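Participant: From the sequence below, what's the structure:
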Amino acid sequence: MSSIKLKHSGGNSVSLNPPTSAPTSSEVAFKLPTSDGSANQLLKTDGSGNLGWATDQGGKILQFQYKRGGVTTNSSSGSWTDSVESGHNVNITPTKSDSILYIHLFNVGGNYSSGRSYFLRLRRKINNTGDTNVASFQTGDGSNGGMESQSLIHVDVGPTGGWNTSHVVNYRTRFGQDGSGTARYGYATTPVLIVMEIAA
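Facilitator: Residues are numbered from 1 along each chain as shown. Below is the predicted model of the structure:
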């Protein structure tokens with residue numbers, strides 16, 4: 001088995017060796033790119049032996065932001081409670097216009113009143129405008145007034161045209177009920193709100 005050996009002036013060398021087993025065709029040829037790539041790029045093939053530089057970021061987590069606790073109140077006997085928004089929210093500024101933002105909320109809550117509903121919402125603002133409800137769910141009374149574990153997941157691809165990489169995206173939670181009983185949020189636990197930026 002022949003190889004190409006590059007010897008350093010200090011005596012050590014680097015070798016380029018063929019595969020251990022015989023190639024599937026009589027000759028395998030690769031054509032190198034005409035210039036160097038950018039930092040952290042990888043060498044890729046087009047399937048015909050032509051090599052080029054590519055950025056390997058698909059599925060890569062670019063940012064991780066979270067808020068644990070910070071809730072100013074955890075009960076409501078009215079409809080919607082805004083006070084949780086001020087304490088349980090996460091800011092993130094996307095670094096790429098085509099990124100995906102993955103949001104995951106964990107909470108323990110429910111409605112103490114039997115037969116009544118409980119609502120949980122995920123709200124979003126971009127550059128402090130466009131207050132929008134992007135995800136929500138409704139549960140029953142948590143087994144006749146009991147509390148229950150709640151998990152809300154949302155995948156946000158951003159507005160039409162992609163993210164503006166100079167704008168702050170804010171996610172926050174709200175909870176409420178259908179007008180009766182006492183709803184709880186962060187009951188006997190600490191709620192966690194996670195936001196990750198993932199390269200498309």
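Participant: Distance of Ala135 relative to His8?
Facilitator: To His8, Ala135 is 58 Å away according to Cβ to Cβ, to the nearest Å. Where you see a C-beta, it was placed from the backbone N, CA and C, and this is true even at glycine.
Participant: Neighbour count: the two, which is higher?
Facilitator: Neighbour count, other Cβ atoms under 10 Å: between Ala135 and His8, Ala135 has more, with 18 against 8.
Participant: OK, contacts around the more buried one?
Facilitator: 103, 121-122, 152-154 (Cβ atoms under 8 Å, 6 or more residues apart in numbering).
Participant: any idea which element Val84 lies in?
Facilitator: helix 83-87 (DSSP states H and E).
Participant: low pLDDT regions in this structure?
Facilitator: Filtered on pLDDT under 70, the chain yields the residue ranges 1, 56-58, 72-73, 78-79, 81-83, 141-145, 179-180.
Participant: please redo it, this time with the cut-off set to 80
Facilitator: 1-2, 20, 22-27, 40, 55-58, 72-86, 112-116, 140-146, 178-182 (pLDDT under 80).
Participant: the helices in it, which residues?
Facilitator: Here the chain has its helices, by DSSP state H, at 83-87, 142-145.
Participant: Quick one: residues in contact with stretch 119-128.
Facilitator: 80, 85, 103, 105, 107, 109, 130-139, 150, 152, 154, 156, 159, 164, 167-178, 185.
Participant: Let's see which of these end up in strands.
Facilitator: When the contacts of stretch 119-128 are checked against strands (DSSP state E), the matches are 80, 103, 105, 107, 109, 130-139, 150, 152, 154, 156, 169-177, 185.
Participant: Which among those count as buried?
Facilitator: Buried by 16 or more other Cβ atoms under 10 Å: 103, 105, 107, 109, 135, 150, 152, 154, 156, 169-177, 185, out of those.
Participant: hmm, back to that, can I get the contacts of Ala135 in CSV with distance to Thr20?
Facilitator: Formatted as CSV, the contacts of Ala135 follow (distance: Cβ to Cβ, whole Å):
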residue, distance to Thr20
Ile103, 47
Arg121, 58
Leu122, 52
Leu152, 50
Ile153, 45
His154, 48
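Participant: Show me which pair in these is furthest apart.
Facilitator: Arg121 and Ile153 (13.7 Å; Cβ to Cβ).
Participant: between the two, who's got more neighbours?
Facilitator: Arg121 (18 against 12).
Participant: can you tell me how far Gly59 sits from Glu197?
Facilitator: In terms of Cβ to Cβ, Gly59 sits 12 Å off from Glu197.
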